[in-house]
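> Just need the structure, nothing else, for what follows:
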Amino acid sequence: MSNNEFKVNNHNYRIIKNEDENLLFHVPSSALYELDKEGTSLLKRVENRNLCKEDFYSEDLQMLEKLNVIGDEEPNEYIEVKNFPATTLILNIASGCNLSCTYCYKADLETLKNSGNMSFDTALQAIKRLYEGAPNQKLYNITFFGGEPLSNFELIKDVTMYATQFFKQRGANVDFTITTNATLLTKEIISFLKKYQFGITISIDGPKAIHDKTRLTNSGAGSYEMVRKKVELLLSMYKERQIGARVTLTRGITQVDEIWDHLFNELHFSEVGFAPATASDNAVFNLSEKELLEVFKGFKKLGEKYIEAALKGEFNGFSNLHRVIGDIHAGRKKNFHVVQE
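Sure thing, here's the model as predicted:
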């Protein structure tokens, strides 16, 4: 084989640079391969079609051919999926909220006084349809969402008890999760969540000065102090599962490391996940390209801390990277936004 006889399949790989280290990301399998200096040099010669005679006998070139980075394109084998069971049900149980977060994406959100709540009959029918669409599975998930879902806590109780028996009678288990702003938490509610071992995510945007810029009560006051007190109560009572914080980053907010430090080291959340605002209908809250670069620099810093902690057998709670690593390990494919510096 000569330099003119092989094909380079550029769409099958990407080079990821990390300081003085290069990694090859294999697109078809979502696998990562470390490239030493010889491997990096070989790949450049491949791309430039400037291979020497010795290269054609190297193990590295054989590996690139095995990965289909070079060589004739392997045909895609499509497998018809006839049964793809959806086992998660998201119940939007409340259209109202006791906060008025400035960046909220729900244009139809009402105050609690004027809100409409899901009925038990609607929830019951949704659970039955979930099972009918994916019968005989071992585990199902029901997520309570809103508005503020805890404003309809009576329905949460009724649905949880009903669903537990419903799936038990069918030889299955059901897991419950909830995303809440924490403001309506009480000892009674926390005890109920403990009993059924809910997965809990708290919407909180960082320390007081940052959180109170956008997460306001209906009267226009900052909600941080109220949220902090409820979080402290929750974390003191709830040890059954890890509790995560979900942070929304809006225009002008790029202090990723400061936010993580406060939520992980001061408030003691088990995980902290960040969601940059980039596609809101109200563009005033979207992060600019420059701000996204600052956020990604912060993510890189947290990623380095993640690695340092992992080498010590510890977890630093940076859930964005933790989930990406899990996806890569499992071979799950996702689209990621790329910003060029």
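
> My guess is Ile190 contacts Leu233. True?
Yes - at 7.0 Å, Ile190 counts as touching Leu233 under the criterion of CB atoms under 8 Å. Heads up, the C-betas are built off the backbone N, CA and C, glycines and all.

> Which of those two has more residues huddled nearby?
Ile190 (19 against 15; other CB atoms under 10 Å).

> Show the subsequent helix or strand relative to the lowest-mean-pLDDT helix or strand in the chain.
The helix or strand of the chain with the poorest confidence is strand 110-111; it has a mean of 62 (mean pLDDT, DSSP states H and E). Per DSSP states H and E, the first helix or strand lying C-terminal to strand 110-111 is helix 120-133.

> mind exporting that following helix as PDB, just the C-alpha atoms?
The C-alpha trace of helix 120-133 is given here as PDB (Å, rounded to 0.1, in the frame of the first residue of the first chain):
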ATOM      1  CA  PHE A 120     -54.800  12.200  40.700                       C
ATOM      2  CA  ASP A 121     -56.900  10.600  37.900                       C
ATOM      3  CA  THR A 122     -54.600  12.200  35.200                       C
ATOM      4  CA  ALA A 123     -51.500  10.900  37.100                       C
ATOM      5  CA  LEU A 124     -53.100   7.400  37.400                       C
ATOM      6  CA  GLN A 125     -53.900   7.200  33.700                       C
ATOM      7  CA  ALA A 126     -50.300   8.300  32.900                       C
ATOM      8  CA  ILE A 127     -48.800   5.500  35.100                       C
ATOM      9  CA  LYS A 128     -51.100   2.900  33.400                       C
ATOM     10  CA  ARG A 129     -50.000   4.100  30.000                       C
ATOM     11  CA  LEU A 130     -46.400   4.000  31.000                       C
ATOM     12  CA  TYR A 131     -46.700   0.300  32.000                       C
ATOM     13  CA  GLU A 132     -48.800  -0.500  28.900                       C
ATOM     14  CA  GLY A 133     -46.100   0.900  26.700                       C
END
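
> can you give me the strands for the protein?
Secondary structure of the chain by DSSP state E: the strands cover 13-18, 21-26, 31-35, 88-92, 96-97, 110-111, 139-145, 173-180, 199-203, 243-249, 271-276.

> Hmm, Leu43 is touching Arg14, no?
No - applying CB under 8 Å, one finds Leu43 not in contact with Arg14, separated by 11.5 Å.

> what do the two both touch?
Leu24 (CB atoms under 8 Å, 6 or more residues apart in numbering).

> Which one of the two is surrounded by more residues?
Leu43 (21 against 12).

> And that one, how far from Lys82?
40 Å (CB to CB, to the nearest Å).

> do the same with Val174
25 Å.

> which of these two has more neighbours?
Neighbour tally, Val174 and Lys82, criterion other CB under 10 Å: the higher count belongs to Val174, 21 against 5.

> In contact with that one: list those residues for me.
Val174 makes contacts with Leu139, Tyr140, Asn141, Ile142, Ala163, Thr164, Phe166, Phe167, as judged by CB under 8 Å, 6+ apart.

> What of His11?
Going by CB under 8 Å, 6+ apart, His11 touches Val27.

> So what's the residue count around the nearest residue to Ala126 once chain neighbours are set aside?
Nearest non-adjacent residue to Ala126, counting by CB to CB, 6 or more residues apart in numbering: Leu89, 5.9 Å away. Neighbour count for Leu89, taken as other CB under 10 Å: 21.

> my guess is Leu89 meets Asn141, correct?
Yes - taking CB under 8 Å as the definition, Leu89 is a contact partner of Asn141 at 7.1 Å.

> Now stretch 252-266: buried residues?
Ile253, Thr254, Gln255, Val256, Ile259, Trp260, Asp261, His262, Leu263, Phe264 (16 or more other CB atoms under 10 Å).

> Skipping its backbone neighbours, what lies nearest the fifth one in space?
Just to be clear, that refers to Ile259. Gly206 (3.7 Å).

> residues contacting that neighbour?
Contacts of Gly206 (CB under 8 Å, 6+ apart): Val247, Ile253, Gln255, Glu258, Ile259, His262, Leu263.

> Make TSV out of these and add distance to Asp55.
Output for these, formatted as TSV (distance: CB to CB, whole Å):
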residue	distance to Asp55
Val247	48
Ile253	50
Gln255	48
Glu258	49
Ile259	48
His262	52
Leu263	51
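
> Distance of the closest residue to Asn316 other than its chain neighbours relative to Ser191?
Distances taken as CB to CB, 6+ apart place Ala309 nearest to Asn316, at 4.2 Å, with adjacent residues excluded. Distance, Ala309 to Ser191, using CB to CB: 32 Å.

> Neighbour count for these two, which is higher?
Ala309 (14 against 11).

> Centroid-wise, who is the farthest residue in this structure?
Farthest-out residue of the chain from its mean C-alpha position, per CA atoms, centre = their mean: Lys53, at 47.1 Å.

> Let me see the confidence value for that residue.
For Lys53, the model assigns a pLDDT of 80.
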